[in-house]
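Undergrad: how would this look folded up:
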Amino acid sequence: MTVVLDAWAVVELLRRRPAATRIASAISEQQAVMSSVNLGETYYSVVRSHGWRAARAGVDGIRSVVAVEDPDWELVRSAAEIKARGGLSYPDAFCVATALRHRAPLYTGDPEIIGLDVGIEVIDLRSTV
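TA: Have a look, this model is predicted:
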């Protein structure tokens, strides 16, 4: 089974927060996928909190265990349509569009995504926090 990871989930994992165990299990037990847009979001978030070296090491580690997909036009269009509905940042629209493409559950703790009804299963990781 495929699961899609949002930047929120990966940042939790890299920062070793309470949801990290659940996210690591999902990665090791299933095919984890994320958009390169969301990996970039992860990168700048970790740079700000832990510096360049930690961000590079963390993202390199994620890239070795998670399939990272660069957006093609279909995904860009889907993300733009999701963004146009309102309520989400553009990067968040990419993780939702990626989950829709794969018909896969989306692992996140982002309240803006959790509150949406977009036709995919959203796994709320905040319950482990």
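Undergrad: helices or strands up against the worst-scoring helix or strand of the chain on mean pLDDT?
TA: Lowest by mean pLDDT, DSSP states H and E among the helices and strands of the chain is helix 111-114, with a mean of 92. Helices and strands touching helix 111-114, by 3 or more C-beta pairs under 8 Å, 6 or more residues apart in numbering; DSSP states H and E, are helix 90-102, strand 122-124. (Glycine included, C-beta is placed from N, CA and C.)
Undergrad: Not counting residues beside it along the chain, what's closest to R103?
TA: If the residues on either side of it in the chain are set aside, R103 comes closest to I120, at 7.5 Å by C-beta to C-beta, 6 or more residues apart in numbering.
Undergrad: again with V10
TA: Spatial nearest neighbour of V10, chain neighbours left out: T42 (4.6 Å); criterion: C-beta to C-beta, 6+ apart.
Undergrad: What segments of the chain are strands?
TA: Under the criterion DSSP state E, the chain contains strands at 2-5, 31-35, 67-69, 106-108, 122-124.
Undergrad: tell me the most buried of these?
TA: Most buried of these, by mean neighbour count (mean count of other C-beta atoms under 10 Å): strand 106-108, with a mean of 28.
Undergrad: pLDDT score for the residue located most distally from the centre of the chain?
TA: Centroid-distance maximum for the chain: R53 at 21.1 Å, with C-alpha atoms, centre = their mean. Per-residue pLDDT puts R53 at 97.
Undergrad: Likewise for the one 10 residues further on?
TA: pLDDT recorded at R63 is 97.
Undergrad: I'd say it and G40 touch.
TA: No. In this structure, R63 is not within contact of G40 by C-beta atoms under 8 Å, at 11.7 Å.
Undergrad: quick one: contacts of the least confident helix or strand of the chain?
TA: For helix 111-114, contacts defined as C-beta atoms under 8 Å, 6 or more residues apart in numbering pick out 6, 8, 87-89, 92, 95-96, 106, 108, 122, 124, 126.
Undergrad: could those residues be laid out in JSON lines, adding distance to R48 and pLDDT?
TA: As requested, those are arranged in JSON lines below (distance: C-beta to C-beta, whole Å; pLDDT from 0 to 100):
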{"residue": "D6", "distance to R48": "17", "pLDDT": "97"}
{"residue": "W8", "distance to R48": "15", "pLDDT": "96"}
{"residue": "G87", "distance to R48": "24", "pLDDT": "85"}
{"residue": "L88", "distance to R48": "21", "pLDDT": "92"}
{"residue": "S89", "distance to R48": "16", "pLDDT": "94"}
{"residue": "D92", "distance to R48": "18", "pLDDT": "96"}
{"residue": "C95", "distance to R48": "19", "pLDDT": "97"}
{"residue": "V96", "distance to R48": "24", "pLDDT": "97"}
{"residue": "L106", "distance to R48": "24", "pLDDT": "97"}
{"residue": "T108", "distance to R48": "19", "pLDDT": "96"}
{"residue": "V122", "distance to R48": "26", "pLDDT": "95"}
{"residue": "D124", "distance to R48": "24", "pLDDT": "95"}
{"residue": "R126", "distance to R48": "21", "pLDDT": "91"}
